[in-house]
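>>> Pasting the sequence and the predicted model now:
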Amino acid sequence: MNIGLEHYLVLSAVLFCIGLFGALSRKNAIVILMCIEIMLNAVNITMVAFSRYVTPTQLTGQVFAIFIMTVAAAEAALGLAIILALYRSRAKVDVTEIDLMKQ
Amino acid sequence: MTALVFWFLAAIAVVASLGVILIKDIFRAALFLILSFFVIAAFYVTLYADFLAAVQVLVYVGAISILLIFAIMLTREVKQGNLAGNAWLSFVVAALFLVILIFAIVNTSWAKSAVAPEQITTVAIAQQLFTSGGFILPFEIASFLLLSAILGAMAIARER
């Protein structure tokens, strides 16, 4: 059985949903950031697979994947800075206890 | 052969991602995350995206995982990342979303092209990014975004 576009799409859907489940169910903010990275990587696989199978000579999907990586790097840096600042002021990184804006 | 490589890599990727979300010790979870970054770089190689595979290893394995491990070390007292109380609800949401996605993927007829893919992608990506008909404006905006993210991260994480 030949490996085609659908295989890569289903694989990235599985990875995306694993990351989605983790981001919704874990309490540690760092683990949530890691799950978001998994989801972004799954989207990148989709982009590159489309670039390989739909527009093989233009590589637009790969350029999109590079932009996604840029935004992911910025998001990781900012998210971890926020987590460090929170940990410094409240000594916890549990998202169920960080509810200052809820009250 | 290609099929064998794909299923092997897919098994590692799924197991590593499951490890990230299921292992209690967050340092081990981060190591599984690095493994899944490597496997995704290997997927890019199987998709003829050599430049992206190198960028994946440099940016994700080199930079983002180091940043994550730094954050884990700096918040060391909080080793355990427990499941929240609504884990079953999250599972149902994720599983439903997965079913919908797979249904949509299988039932769509994709406009596939039979042309052989580019073998050396670096030149083609550079032409897409830096020629005036390509993505030069988004490229500049992305560099501005990175600069502001650096400044913002420093401003937020600084000791007062």
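Yep, it's here.

>>> Every contact and neighbour count from this point should use C-alpha atoms.
OK.

>>> In chain B, mark out all the helices, start to finish.
B:2-22, B:26-46, B:50-56, B:65-74, B:87-107, B:121-130, B:136-157 (DSSP state H).

>>> packing partners for the last one?
The helices and strands touching helix B:136-157, judged by 3 or more C-alpha pairs under 8 Å, 6 or more residues apart in numbering or on different chains; DSSP states H and E, are helix A:60-90, helix B:121-130.

>>> I'd like the distance from the first one to the chain centre, please.
By that I understand helix A:60-90. Mean-position distance between helix A:60-90 and its chain equals 9 Å (C-alpha atoms, centre = their mean, to the nearest Å).

>>> Same check on the shortest one?
Centroid separation for helix B:121-130 versus its chain: 21 Å, with C-alpha atoms, centre = their mean.

>>> Could you check the angle it makes with helix A:60-90?
80 degrees (axes from the mean of the first three to the mean of the last three C-alpha atoms, to 10 degrees).

>>> Quick one: mean pLDDT over helix B:121-130.
Averaging pLDDT along helix B:121-130 yields 87.

>>> Can you list the buried residues in it?
Of the residues in helix B:121-130, B:121, B:124-125, B:128-129 count as buried by neighbour count, 16 or more other C-alpha atoms under 10 Å in any protein chain shown.

>>> That helix and chain A, any residue contact?
Yes - counting by C-alpha under 8 Å from any C-alpha of the partner chain, chain A has neighbours in helix B:121-130: B:121, B:124-125, B:128-129.

>>> Could I get those in CSV, plus columns for distance to residue B:66?
Shown next, in CSV, are those (distance: C-alpha to C-alpha, whole Å):
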residue, distance to residue B:66
B:121, 28
B:124, 30
B:125, 27
B:128, 30
B:129, 28
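
>>> which strands and helices sit next to the helix or strand of chain B with the lowest mean pLDDT?
Ranked by mean pLDDT, DSSP states H and E, the weakest helix or strand in chain B is helix B:121-130, scoring a mean of 87. Applying 3+ C-alpha pairs under 8 Å, 6+ apart, we find helix B:121-130 packed against helix A:60-90, helix B:50-56, helix B:136-157.

>>> If we use 7 Å, what do you get?
With contacts taken as 3 or more C-alpha pairs under 7 Å, 6 or more residues apart in numbering or on different chains; DSSP states H and E, helix B:121-130 sits against helix B:50-56, helix B:136-157.

>>> Run through who's touching stretch A:82-89.
A:93, B:71, B:75, B:156-157 (C-alpha atoms under 7 Å, 6 or more residues apart in numbering or on different chains).

>>> again, 8 Å this time
Contacting residues not belonging to stretch A:82-89 are listed as A:29-30, A:92-93, B:71, B:74-75, B:153, B:156-158 [C-alpha atoms under 8 Å, 6 or more residues apart in numbering or on different chains].

>>> what residues are up against the residue most central in space within chain B?
Closest to where the C-alpha atoms of chain B average out (C-alpha atoms, centre = their mean) is residue B:37, at 6.4 Å. When contacts are counted by C-alpha under 8 Å, 6+ apart, residue B:37 touches A:41, B:56-57, B:60-61.

>>> That'll do, ta.
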